[in-house]
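# Sequence below, structure please.
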Amino acid sequence: MTDQALSQLLLELFTAIRMLSGYPVPADFPEIHRVSRAQLESRICRSSCRVKAFYIKGEGVYIDEQLNVEQDLPAKSILLHELVHHVQGVTGKFDTLPDCHGWYAKEYEAYEIQNRYLHREGSTTGYYMSGRPRDCTSEMKD
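Numbers count the residues shown, from 1 in each chain. Purely as a prediction, here's the structure:
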């Protein structure tokens, strides 16, 4: 994918995020790192896992190089999900929440926007958090 094509795709996705959520289109787009599945897992997981992408503030989006974000709607929505995390960070929307609660709030919102995007594009596919939620109450005792 050329730099120009990637910039156009990011503009398209940030515009969709704005329309679906009211978040502003950021002045600066995050870097997009297309990496192998093994690199994703080694960075995020303790062992093998199903991670397809993640966002790290200050570094950008890391996404599985096997995903066809240019043409495949579910893959494009995964990138959109991570871009939501970028605008969450830029706006500081959840910065006042304790870490654990903030993480869940960010994820729930990103999945909600991702699913609204998919629905708007005519897909019946939906993405949701997998696994059991972690108990954040211990964080509140400090």
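# who's in contact with Ala110?
Applying CB atoms under 8 Å, 6 or more residues apart in numbering, we find Ala110 in contact with His81, Glu82, Val84, His85, Gln88. C-beta coordinates here come from the backbone N, C-alpha and C atoms, glycine included.
# Buried residues, stretch 20-32. List them.
For stretch 20-32, a neighbour-count test (16 or more other CB atoms under 10 Å) marks Leu20, Ser21, Tyr23, Pro26, Phe29, Pro30, Ile32 as buried.
# pLDDT on it, on average?
Stretch 20-32 comes out with an average pLDDT of 96.
# that older thread, rebuild the buried residues of stretch 20-32 as a markdown table, extending it with distance to Gln8 and secondary structure.
Below are those laid out as a markdown table (distance: CB to CB, whole Å; DSSP: H, G, I helix; E, B strand; the rest coil):
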| residue | distance to Gln8 | secondary structure |
| --- | --- | --- |
| Leu20 | 19 | helix |
| Ser21 | 21 | helix |
| Tyr23 | 19 | coil |
| Pro26 | 16 | coil |
| Phe29 | 11 | coil |
| Pro30 | 15 | coil |
| Ile32 | 13 | strand |
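# before we move on, the earlier item: among the contacts of Ala110, name the ones in helices.
Among the contacts of Ala110, the residues falling in helices (DSSP state H) are His81, Glu82, Val84, His85, Gln88.
# Of those, grab the buried ones for PyMOL.
Applying 16+ other CB under 10 Å to the ones in helices among the contacts of Ala110, the buried members can be selected in PyMOL as follows:
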select buried, resi 81+82+84+85+88
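# Quickly name whichever of the ones in helices among the contacts of Ala110 is closest to Asp72.
For the ones in helices among the contacts of Ala110, the closest approach to Asp72 (CB to CB) belongs to His81, at 14.0 Å.
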